[in-house]
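# Quick one: sequence plus predicted model below, questions after.
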Amino acid sequence: MEKEIKKVFEEKFGGEGTLYASAGRINLIGEHTDYNEGYVFPGAIDKVIMADIRPNGTDKVRVFSIDINEYVEFGLNEEDAPSESWARYIFGVCREIIKRGGVVKGFDAVFAGNVPLGAGLSSSAALESCFAFALNDLFNDNKIEKFELALIGQSTEHNYCGVNCGIMDQFASVMGQKGKLMRLDCRDLQYEYFPFNPEDYELVLVDSRVKHELKDSPYNKRRESCERVAKELGLPSLREATFEMLDGIKDKISEEDYKRARFVIGEKQRVLDVCDALVKGDYETVGEKMYETHNGLSKDYEVSCVELDFLNDVAKECGVTGSRIMGGGFGGCTINLVKKDLRDQFVEKAIKAFNEKYGHEPKIYDVIISDGARKL
Ligand code: GLA
């Protein structure tokens, strides 16, 4: 990928820039908890967005996307926002840096990636954090704190892409480190790294290829449900909520809102339980909690779909240690914690059974926990 990007940069702009990369992410557990001020437990993966970037001495940004085969040019003022959705991520990052008092000048860029799109692996966060990291390095002497770069990505989603997301994806993509998962407390933004190099297990993603796009999905609606319940409880978020408190207001809220909040309250504790289990090397408990999360995401939070429920059942039948839908939902992947010696058998079975039922094969990604945003 590196060579191809350099070659295209030379063709489009002449010479070469500086290469930067950032990663997609997985989340072991802690779904839809970030915007509820709960905990998440993600890590960056070995699937990246890579960009070659060079200041061009003008006030224009000129970018070419190799994968989409599209060239876009825009200025740095608010009214210059491009209409191409991929370019809005880059424009948003520029604007958010400027809004915070940072510097962005014109630049040329060529980028490509191997983070699967719409699979729930946060390709958009990888794109945002790659450019945020690069622009911090090129124009701001790296004075913007790394965590701030994640917030810049998140604000880009809110203000330019129509997704009212939490901080998890951008955080993971910026802060990720090889061989480590991170538990982030989304209330005070404190985080802790946990080594994750299980000898006997692997993480395997099974992509249903049901397209997932959070914009215009009920993602924002889920968030509104949680906010309504928190308000009814007189709390700033569901972080402090307990099952007892929720039962106390059951007749004041809709059944739907009740179920959404029930999932979030349970999920908050599951993240802590998984971290404890991981430290003890107790992968069986980690796996059990993953299945519980799937169940909650499917029945209470209702962000799964038949294809993903099917993949979860196949995993269970094969004896996979843990499996669940991952990310925002409404399509995308399951994440599976599987014993190494079971991996091939499981993958074969999942492909065959899924194909028989839905007429297309799922995609398989073996993932390794890797570094997040960086200069190459
Ligand atoms: C998407 C959002 C994240 C998070 C997850 C669900 O990936 O971008 O902020 O809310 O969904 O856990």
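Alright, I've got the coordinates.
# Per-residue pLDDT of the residue in the stretch 1-150 of the chain that the ligand sits nearest to, please?
Of all residues in the stretch 1-150 of the chain, Glu31 sits closest to the ligand, at 3.9 Å by CB to the nearest ligand atom. No exception for glycine: its C-beta is placed from N, CA and C like everyone else's. pLDDT for Glu31: 98.
# again with Glu213
pLDDT, Glu213: 65.
# what's the answer for Ser217, then?
For Ser217, pLDDT reads 72.
# Which parts of the stretch 101-250 of the chain are strands?
Taking DSSP state E, counting those that start in this stretch, the strands of the stretch 101-250 of the chain run over residues 107-113, 180-185, 190-195, 201-207.
# thinking again about what came up before, and the residue of the stretch 1-150 of the chain closest to the ligand, what does it touch?
Val40, Glu267, Thr293, Leu297, Tyr301, Arg324, Ile325, Met326, Gly327, Gly329 (CB atoms under 8 Å, 6 or more residues apart in numbering).
# Alpha carbons of the helix or strand containing the third one, in PDB - could you do that?
Translated: Thr293. If you go by DSSP states H and E, Thr293 is part of helix 283-299. What follows is helix 283-299, C-alpha atoms only, in PDB (Å, rounded to 0.1, in the frame of the first residue of the first chain):
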ATOM      1  CA  TYR A 283     -11.000 -16.300  29.100                       C
ATOM      2  CA  GLU A 284     -14.000 -18.400  29.700                       C
ATOM      3  CA  THR A 285     -15.600 -15.600  31.700                       C
ATOM      4  CA  VAL A 286     -14.600 -13.100  29.100                       C
ATOM      5  CA  GLY A 287     -16.400 -15.200  26.500                       C
ATOM      6  CA  GLU A 288     -19.500 -15.600  28.600                       C
ATOM      7  CA  LYS A 289     -19.800 -11.900  29.000                       C
ATOM      8  CA  MET A 290     -19.400 -11.400  25.200                       C
ATOM      9  CA  TYR A 291     -22.400 -13.700  24.600                       C
ATOM     10  CA  GLU A 292     -24.400 -11.800  27.300                       C
ATOM     11  CA  THR A 293     -23.600  -8.600  25.400                       C
ATOM     12  CA  HIS A 294     -24.800 -10.000  22.200                       C
ATOM     13  CA  ASN A 295     -28.000 -11.100  23.700                       C
ATOM     14  CA  GLY A 296     -28.600  -7.600  25.200                       C
ATOM     15  CA  LEU A 297     -27.700  -5.900  21.900                       C
ATOM     16  CA  SER A 298     -30.000  -8.100  20.100                       C
ATOM     17  CA  LYS A 299     -33.000  -8.300  22.400                       C
END
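# Show me the contact partners of it.
The contact list for helix 283-299, computed with CB under 8 Å, 6+ apart, reads 28-29, 31-32, 198, 200-201, 259, 262-263, 266-267, 270, 273-274, 277-278, 303-304, 308-309, 312, 316, 320-325, 329, 334-335, 337.
# What parts of this protein come near the ligand?
Contact residues, the chain versus the ligand (CB under 6 Å from any ligand atom): Glu31, His32, Asp34, Tyr35, Ser122, Cys165, Gly166, Met168, Asp169, Gly327, Gly328.
# and the fourth one, helix, strand or coil?
Per DSSP: H, G, I helix; E, B strand; the rest coil, the local secondary structure of Tyr35 is helix.
# How many residues are close by it?
Look at Tyr35: counted by other CB atoms under 10 Å, it has 22 neighbours.
# tell me the contacts of it?
By CB under 8 Å, 6+ apart, the contact list for Tyr35 reads Asn164, Cys165, Gly166, Cys186, Arg223, Cys226.
# Which members of these occur in helices, if any?
Judged by DSSP state H, the contacts of Tyr35 include Arg223, Cys226 as members of helices.
# now the contacts of Tyr35 in a markdown table, with pLDDT?
Converted to a markdown table, the contacts of Tyr35 look like this (pLDDT from 0 to 100):
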| residue | pLDDT |
| --- | --- |
| Asn164 | 90 |
| Cys165 | 94 |
| Gly166 | 96 |
| Cys186 | 97 |
| Arg223 | 95 |
| Cys226 | 98 |
